[in-house]
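Participant: okay, predicted coordinates and the sequence, questions at the end:
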Amino acid sequence: MSNSSSISEFLLLALADTRQLQLLHFWIFLSISLAALLGNGLISRVVACNHCLHTPMYFFLLNLALLNLGCISTTLPKAMASALWDTRAISYTGCVAQVFFLFLFSEEIFLLTVMSYDRFVAICKPLHYGTLLGSRACVTMAAAA
């Protein structure tokens with residue numbers, strides 16, 4: 001007789017115990033999610049469609065908006081579903097997928113560093129801006145982030 005067990009799901013801590021607070025959390029999460037989707041979608045659409053905004057600063061801003069969209073859509077849907085349906089369980093594979101995608105989209109700090117370097121070059125070395133931050137350098141820095 002062997003003693004073995006396998007983990008198939010994790011139990012999450014609830015944000016609230018009463019149903020009214022759970023529904024309030026759902027509506028708050030929904031409004032945050034919709035605001036983030038609308039704002040980041042608007043930023044990405046304007047930058048992609050307007051040819052005047054095809055500069056390194058707006059290229060990095062587009063990448064940051066897309067990363068933020070991915071980060072918001074990784075964790076908030078499960079939190080909203082848990083609040084709406086009063087469930088506290090998440091499957092093991094779902095948890096692993098959330099952690100993987102959250103780490104994948106956590107490169108925002110590196111992209112913010114690249115954006116700060118872009119602004120540094122634009123302010124401190126304006127005559128060298130075109131040579132230091134050409135399109136190839138911008139793509140390389142965004143990919144490295």
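Facilitator: Here it is on my side, so go on. Residues are numbered from 1 along each chain as shown.
Participant: S31: neighbouring residues, count only.
Facilitator: 10 (other Cβ atoms under 10 Å). The C-beta positions use only the backbone N, C-alpha and C, and glycine is treated the same way.
Participant: next: the one 5 residues further on.
Facilitator: Residue crowding around A36 was assessed by other Cβ under 10 Å; the count is 17.
Participant: what helix or strand is it on?
Facilitator: Element membership of A36, judged by DSSP states H and E, is helix 19-49.
Participant: now do the buried residues in that helix.
Facilitator: For helix 19-49, burial by neighbour count (16 or more other Cβ atoms under 10 Å) applies to 22, 25-26, 29, 33, 36, 40, 43-44, 47.
Participant: low-confidence regions, the chain specifically.
Facilitator: Flagging of the chain using pLDDT under 70 yields the residue ranges 1.
Participant: residue ranges of the helices in it, please?
Facilitator: Along the chain, counting by DSSP state H, helices occupy 19-49, 56-85, 92-104, 108-124, 129-132, 135-144.
Participant: who does the first one touch, helix- and strand-wise?
Facilitator: Translated: helix 19-49. helix 56-85 (3 or more Cβ pairs under 8 Å, 6 or more residues apart in numbering; DSSP states H and E).
Participant: please consider this matter closed, and thank you.
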